[in-house]
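1. The following comprises the amino acid sequence and a computationally predicted model.
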Amino acid sequence: MSTRPETPLLDQVNSPADLKRMSDAELGRLADELRADTIATVSETGGHLGAGLGVVELTVALHAVFDAPRDKIIWDVSHQCYPHKILTGRRDRMRTLRQKDGLSGFTKRSESPYDPFGAAHSSTSISAALGFAVARDLGGASDTGHGDAIAVIGDGAMSAGMAFEALNHAGHLKKRMIVILNDNEMSIAPPVGALSSYLSRLYAGAPFQEFKAAAKGAVSLLPPPFQEGARRAKDMLKGMTVGGTLFEELGFSYIGPIDGHDMDQLLPVLRTVQARATGPTLIHIITKKGKGYAPAESRRDGGHATAKFDVATGEQKKAPSNAPSYTRVFAEALLDHAGQDDKICAITAAMPDGTGLDLFDKRYPSRCFDVGIAEQHAVTFAAGLAAGGMKPFCALYSTFLQRGYDQVVHDVAIQRLPVRFAIDRAGLVGADGPTHAGAFDVAYLANLPGFTVMAAADEAELKHMVATAVAHDDGPIAFRYPRGEGEGVEMPARGEPLEIGKGRMIQQGGRVALLSFGTRLGEVMKASEGLRARGITPTVADARFAKPLDEALILDLAANHEALITIEEGAIGGFGSHVAQLLAEHGVFDHGLKFRSMVLPDIFIDQASPADMYATAGLNAADIEARVLDTLGIARIGSQRA
Ligand SMILES: Cc1ncc(C[n+]2csc(CCOP(=O)(O)OP(=O)(O)O)c2C)c(N)n1
Ligand SMILES: CC(=O)[C@@H](O)[C@H](O)COP(=O)(O)O
Ligand SMILES: [Mg+2]
């Protein structure tokens, strides 16, 4: 008998409503198709793969049981949202993922009503879901109506303080809301910490949900297939002490652990909770990161993020480069110093590979600390280490340091503690878009009394800045550097400490001075070439420091040029603002200096290649050249402007 190939179920899904017409068996088949579609998509776009593959069954089950967008499904971090996007009317645009004018790699309110809450930084989902639940009960207005609020949060994200602040509040308010703890025993790197061990203990030795429910008298909350088992478990539990889970102590009904890849467990549990839950409920599911795609499953990080790849082999396609990455230069320089100074220690908040500290951890494990997704703690922990006589290097992405800002002010700056901040991913990062842009650190650090703030113009400068930070004991110091490959400059054998608050002259010229802070220096030099062709040789200087400023250099540039233009990869309020303040204080504007400050514009720039994002920001060589000509009042040939 010939078997006809079945029509793909995924082709019949235009919105989650279509899942409601499917049998449980069909939903299982749909999950398989969704997994294949996700892999095919990411193979062509690159992006976050492993987390999405781990929640394929959960995504199908949630959309089959709940009623989005009336019910609010909130994905924590949301790097696992690709299957959700495919099911919620965006399948035909998935090949534009993370590209200019394409779909975001994260949930985004402006993109779809099925994305009730945007994210990309972790551990916000429970707070947001609780907000939706309270808004519902208080009669808040909503275009999509008000239903259930469901937070899906990973075990890594659950380690952050914010998640516990939200659990604490939710347990107190006792509102109906659902938290799904997606426990794959993975963060980006293997998770660390006591909570991670606790979650493992919750299912080690297989005390299944029947036992838990029986112990807590919650048998009636379980779907019928489990109730019989639970009753039997109750008998077995007689005489045993089964304590409440941490979540129960916090006021949640705890259900689990259940197999998050088994639709026969997921569907009945979700249906029962949907039908019967009254207060806050936490469903603990066990999944595997990268599930169903061997190359992802076998990677150390579960296929967390990937370049484009060959589906058959899993082999990634990457453009080769000879320049070392800034991250690697930082990590190797720090290792070098740590070999000679046993007070140096290193801190990462769940990003050992991303910050390069995996190298440090291999060599000096007792001096390397992965604190989990806990930037606030990372900063204050570093402050404690510094107060205790160590030399802590707190290596964080610019965007994630934002979360630790009060700690930077209150615990580090006010106490003038010599914490060294290695700020990676400074400036625009590309495909991760506005949530990950390192736009604000200069502004939010350079305004703090006693802080020293540096930006590396190239990888050799970065090496010197690491040495500078090692040597600097007089208060906090930060140095920033971008994502990706360096400029390919010649590297010094060893970094030398820079004189604090001193910039460097790159090129002497006339009429206009270009004062660069950070890696836009390359674009400044390209602009300088273009200007030379027009008979203008600008003076070019690298400020190195936003704080303290090289006042002598800046005032000299101001005094000897018709125009002074600052350029930086940061938002307004940063380096240029400090220079403007200095010039104003010295009355320089009273004497007619033409001053301009080129900064990131006052918008959140959507994802694209970094070069495209900088073009949108108006910070590429052509923009710098144009700004010089405009400032000097020289008409541009081919200019679009009037
Ligand atoms: C505040 C913050 N710090 C760091 C990150 C970087 N980051 C993105 S995903 C991730 C791991 C998340 O692990 P988990 O929540 O368990 O999700 P999984 O990928 O395992 O599904 C980290 C550290 C982030 N997004 N936000
Ligand atoms: C989701 C998240 O926050 C990280 O996975 C981030 O995308 C990593 O960025 P890098 O690739 O710059 O390390
Ligand atoms: Mg995880």
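-> Done, it's in. Ligands and ions are numbered 1, 2, ... in the order given.

2. Give the closest residue to the residue in the stretch 51-200 of the chain that ligand 3 sits nearest to in space, chain neighbours not counted.
-> Closest residue of the stretch 51-200 of the chain to ligand 3, CB to the ion: G154 (3.7 Å). In this view, the C-beta of every residue, glycine as well, is placed from N, C-alpha and C. Spatial nearest neighbour of G154, chain neighbours left out: N182 (5.1 Å); criterion: CB to CB, 6 or more residues apart in numbering.

3. who touches whichever strand or helix holds that neighbour?
-> Using DSSP states H and E, N182 maps to strand 177-183. Strand 177-183 has contacts (CB atoms under 8 Å, 6 or more residues apart in numbering) with 54-55, 58, 62, 80, 126, 129-130, 132-133, 148-155, 158, 167, 170, 199, 203, 252, 256-257, 260, 273, 277, 280-287.

4. Show me the shaky parts of this protein.
-> For the chain, residues meeting the criterion pLDDT under 70 lie at 1-5, 203-244, 637-642.

5. Go again with 50.
-> Applying pLDDT under 50 to the chain flags residues 1-2, 205-209, 211, 214-215, 232-243, 639-642.

6. Can you give me the domain boundaries for it?
-> Per automatic domain parsing, the structural domains of the chain span 10-306, 326-480, 504-632.

7. tell me the most buried of those?
-> The highest average neighbour count among those, using mean count of other CB atoms under 10 Å, belongs to domain 326-480 at a mean of 22.

8. which bits of the stretch 1-150 of the chain sit near ligand 1?
-> A51, G54, V77, H79, Q80, A120, H121, S122 (CB under 6 Å from any ligand atom).

9. I figured the fourth one was touching H48, is that so?
-> Right, H79. Yes - contact criterion CB atoms under 8 Å: H79 and H48 qualify, at 3.9 Å.

10. Give me every residue in the stretch 451-600 of the chain lying close to ligand 3.
-> Contact residues (CB under 5 Å from the ion) of the stretch 451-600 of the chain with ligand 3: there are none.

11. Tell me where the stretch 451-600 of the chain has strands.
-> Counting by DSSP state E, counting those that start in this stretch, the stretch 451-600 of the chain has strands at residues 452-455, 477-480, 504-507, 512-517, 539-542, 545-547, 563-568, 594-598.

12. who's in contact with the third one?
-> The set of residues external to strand 504-507 that reach it, using CB under 8 Å, 6+ apart, is L521, M525, S528, T537, P538, T539, V540, A541, D542, R544, L553.

13. on that earlier part again, narrow the contacts of strand 177-183 to those in strands?
-> Using DSSP state E, the subset of those located in strands is 149-154, 256-257, 280-286.

14. which residues sit in contact with T566?
-> If you count contacts by CB under 8 Å, 6+ apart, T566 has them with L515, S516, F517, A543, F575, G576, V579, R596, S597, M598.

15. can I get those in TSV with distance to P365?
-> Formatted as TSV, the contacts of T566 follow (distance: CB to CB, whole Å):
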residue	distance to P365
L515	42
S516	39
F517	36
A543	37
F575	37
G576	42
V579	43
R596	49
S597	45
M598	43
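
16. of these, closest to ligand 2?
-> Checking the contacts of T566 against ligand 2 with CB to the nearest ligand atom, the nearest one is F517 at 21.7 Å.

17. Apart from its neighbours in sequence, what residue is nearest A621?
-> Using CB to CB, 6+ apart and skipping the chain neighbours, the partner closest in space to A621 is K526 (3.6 Å).

18. re earlier: the residue of the stretch 51-200 of the chain closest to ligand 3 and K362, how far apart?
-> Taking CB to CB, to the nearest Å as the measure, G154 falls 26 Å from K362.

19. Around ligand 2, which positions in the protein sit nearby?
-> Residues of the chain lying close to ligand 2 by CB under 6 Å from any ligand atom are V77, H79, A120, I188, A305, G354, R425, V429, D432, R483.

20. and the third one, how far is that from G433?
-> For A120, the distance to G433 equals 8 Å [CB to CB].

21. Are there residues contacting both of these two? Which ones?
-> Joint contacts of A120 and G433 (CB under 8 Å, 6+ apart) are G105, F106.

22. Go ahead and confirm A617 touches A437.
-> No - between A617 and A437 there is no contact under CB under 8 Å: 9.8 Å.

23. who touches both of these two?
-> Taking CB under 8 Å, 6+ apart as the contact rule, A617 and A437 both touch L428, L600, I605.

24. Identify, from those residues, the entry nearest to C368.
-> Among those, L428 lies closest to C368 (CB to CB), at 29.1 Å.

25. picking up where we left off before, greatest separation within the contacts of T566: which pair is it?
-> A543 and R596 (15.0 Å).

26. Where does the residue lying closest to A608 once chain neighbours are set aside sit: helix, strand or coil?
-> Of all residues not flanking A608 in the chain, K100 sits nearest, at 3.5 Å (CB to CB, 6+ apart). Secondary structure for K100, judged by DSSP: H, G, I helix; E, B strand; the rest coil, is coil.

27. so whatever helix or strand A163 lives in versus strand 149-154, what angle?
-> Mapping A163 onto the secondary structure by DSSP H and E places it in helix 161-173. In terms of direction (axes from the mean of the first three to the mean of the last three CA atoms, to 10 degrees), helix 161-173 departs from strand 149-154 by 140 degrees.

28. Counting by contacts, list what helix 161-173 packs against.
-> If contacts are counted by 3 or more CB pairs under 8 Å, 6 or more residues apart in numbering; DSSP states H and E, helix 161-173 sits against helix 125-137, strand 177-183, strand 280-286.

29. Need those in a markdown table (columns: distance to P492).
-> Below are those laid out as a markdown table (distance: least, CB to CB, whole Å):
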| stretch | distance to P492 |
| --- | --- |
| helix 125-137 | 46 |
| strand 177-183 | 46 |
| strand 280-286 | 50 |
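
30. so which of these gets nearest A533?
-> helix 125-137 (53.1 Å).

31. What lies in contact with the closest one?
-> So helix 125-137 is contacted by 72, 74-76, 116-117, 119, 142, 146-153, 157, 162-163, 165-167, 169-170, 173, 175-179 (CB under 8 Å, 6+ apart).

32. Would you mind putting the CA coordinates of it into CSV?
-> Taking Å, rounded to 0.1, in the frame of the first residue of the first chain, the C-alpha atoms of helix 125-137 are listed here in CSV:
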residue,chain,number,x,y,z
SER,A,125,9.3,38.3,32.5
ILE,A,126,7.8,37.5,36.0
SER,A,127,7.6,41.2,36.9
ALA,A,128,6.0,42.0,33.5
ALA,A,129,3.5,39.1,33.8
LEU,A,130,2.6,40.2,37.2
GLY,A,131,2.0,43.7,35.9
PHE,A,132,-0.3,42.4,33.2
ALA,A,133,-2.2,40.3,35.8
VAL,A,134,-2.7,43.3,38.1
ALA,A,135,-3.7,45.6,35.2
ARG,A,136,-6.3,43.0,34.2
ASP,A,137,-7.7,42.9,37.6
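
33. export the shared contacts of A617 and A437 to TSV and tack on distance to R109?
-> Listed next are the shared contacts of A617 and A437 as TSV, based on distance: CB to CB, whole Å:
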residue	distance to R109
L428	21
L600	22
I605	17
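
34. Let me know the closest of those residues to ligand 2.
-> Of all the shared contacts of A617 and A437, L428 has the smallest distance to ligand 2: 11.5 Å, by CB to the nearest ligand atom.

35. how about the nearest residue to that closest one, chain neighbours excluded?
-> Counting by CB to CB, 6+ apart, L428 lies nearest to M613, which is 4.1 Å off, once chain neighbours are set aside.

36. Next, the contact list for the one you found, please.
-> Taking CB under 8 Å, 6+ apart, we find M613 in contact with L428, G430, I605, Q607.

37. so who does the first one touch?
-> Translated: L428. L428 sits next to A437, G438, A439, E569, L600, I605, P610, M613, Y614, A617 when contact means CB under 8 Å, 6+ apart.

38. picking that back up, tell me if the strand holding N182 is near ligand 3.
-> No - using CB under 5 Å from the ion, we find that strand 177-183 stays clear of ligand 3, coming within 6.6 Å at best.

39. Just checking: what are the partner strands of that strand?
-> Here strand 177-183 has these sheet partners by DSSP bridges: strand 149-154 (parallel), strand 280-286 (parallel).
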